[in-house]
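**Student:** fold the following.
(2 chains)
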Amino acid sequence: MSQGTIKTTTGYTEFHPRWYRAPVSVYWWLGQWQYLKFILRELSSVFVAIFVVITLFQLRALLSGPAAYTRFEHWLQTPAAIVLNLISFFFVLFHTITWFNLAPSAMAIRVRGKRVPDLLVAAPNYALWLVVSVVVAWFILRRPF
Amino acid sequence: MERQSNEAFFWTLFSAGAVVAALLIPVHLFLFGLAFPLGWIQPPAYERLLALARLPLTRIYLFVLCSLPLFHWAHRFRYILYDGLQVKHLNEVIFTLCYGGAVLGTVLAGYLLWNIA
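**Tutor:** Numbers count the residues shown, from 1 in each chain, chains lettered A, B, ... in the order given. Got it, this is the predicted structure:
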């Protein structure tokens, strides 16, 4: 009920001290398996970069002639390179799988108001991956050119 | 954050690089990194690879294969350092090293692919 009092609005905001934020340890990601999985997923990008660097060396060897390319192929056969590529391969696969599984969350597709099920968004990515891999392998491997 | 306005551009590069890396790198890494060196599959001869690499389409393909994943790495690695290791005070240095590295790799790839005789 109105009693005739006029509410005066103050022209300033009252001071409030900063909210307390607990300092985060540098090793926060070791705290839970989910955190570690996240960091490993992000770390896969390092192995992606390593693959590009190796490919650049391969292109340079290709440029430099058959002898240089043979030396490059021999380097790829050294145990260190095999181990590096094996680890890289698993990290790259981890990147692919986590990326495709994330796609439904990134693209929230709705058909007639209902959210498309996650599998229907992820599956075409996997199918495309299979097709592209076969096509690329065919180009690299086919005998007569 | 001052970088708010540019963030979408770098995220787009990151995302494109992620798609290229996800679709193409597994098969390349499997063939050239494991199957050929370990003798599981007979590797193609040097002449064949060179002939393949000379085609304009292959050069563009290889350029995309080398360039975009590097930008993917740059964006992700920058945030690993920022969020993971909490290295927030070196923002400008990290930004320059990451994206600069990606640009350098792109330039190298362009130079090499341009000069495949």
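**Student:** burial check on the residue lying closest to B:Tyr82 once chain neighbours are set aside, number of neighbours?
**Tutor:** In space, and not counting its chain neighbours, B:Tyr82 is closest to B:Lys88: 6.1 Å by CB to CB, 6 or more residues apart in numbering or on different chains. In this view, the C-beta of every residue, glycine as well, is placed from N, C-alpha and C. Neighbour count of B:Lys88, defined by other CB atoms under 10 Å in any protein chain shown: 10.
**Student:** gap between B:Lys88 and B:Arg78?
**Tutor:** 11 Å (CB to CB, to the nearest Å).
**Student:** list the contacts of the residue in chain A positioned nearest to chain B.
**Tutor:** Relative to chain B, the nearest point of chain A is A:Asn85 (3.3 Å; CB to the nearest CB). Counting by CB atoms under 8 Å, 6 or more residues apart in numbering or on different chains, A:Asn85 touches A:54, A:76, B:29, B:33-34, B:37.
**Student:** can you tell me which of those is nearest A:Val134?
**Tutor:** Nearest to A:Val134, judged by CB to CB, of those is B:Leu29 at 15.6 Å.
**Student:** test my guess that the closest one contacts A:Ser88.
**Tutor:** Yes - with contact defined as CB atoms under 8 Å, B:Leu29 reaches A:Ser88; the gap is 6.1 Å.
**Student:** tell me how far the closest residue to A:Phe38 other than its chain neighbours lies from A:Leu40.
**Tutor:** Closest residue to A:Phe38 apart from its sequence neighbours, by CB to CB, 6+ apart: A:Trp29 at 7.1 Å. Per CB to CB, A:Trp29 is found 9 Å from A:Leu40.
**Student:** what does B:Val20 give?
**Tutor:** According to CB to CB, B:Val20 and A:Leu40 sit 21 Å apart.
**Student:** comparing those two, which residue is more hemmed in?
**Tutor:** Neighbour count, other CB under 10 Å: between B:Val20 and A:Leu40, B:Val20 has more, with 19 against 14.
**Student:** wait, does the helix or strand where that one lies make contact with chain A?
**Tutor:** Using DSSP states H and E, B:Val20 falls within helix B:4-28. Yes - for helix B:4-28, a contact with chain A is found by CB under 8 Å from any CB of the partner chain, at B:17-19, B:21-28.
**Student:** quick one: average pLDDT of that helix?
**Tutor:** Mean pLDDT, helix B:4-28: 92.
**Student:** for it, packing partners?
**Tutor:** helix A:33-64, helix A:79-106, helix A:118-141, helix B:56-79 (3 or more CB pairs under 8 Å, 6 or more residues apart in numbering or on different chains; DSSP states H and E).
**Student:** state the next helix or strand along the chain beyond the second one.
**Tutor:** Heading C-terminal from helix A:79-106, the first helix or strand you meet, by DSSP H and E, is strand A:110-111.
**Student:** distance from that following strand to the middle of the chain?
**Tutor:** Between the centre of strand A:110-111 and the centre of its chain there are 26 Å (CA atoms, centre = their mean, to the nearest Å).
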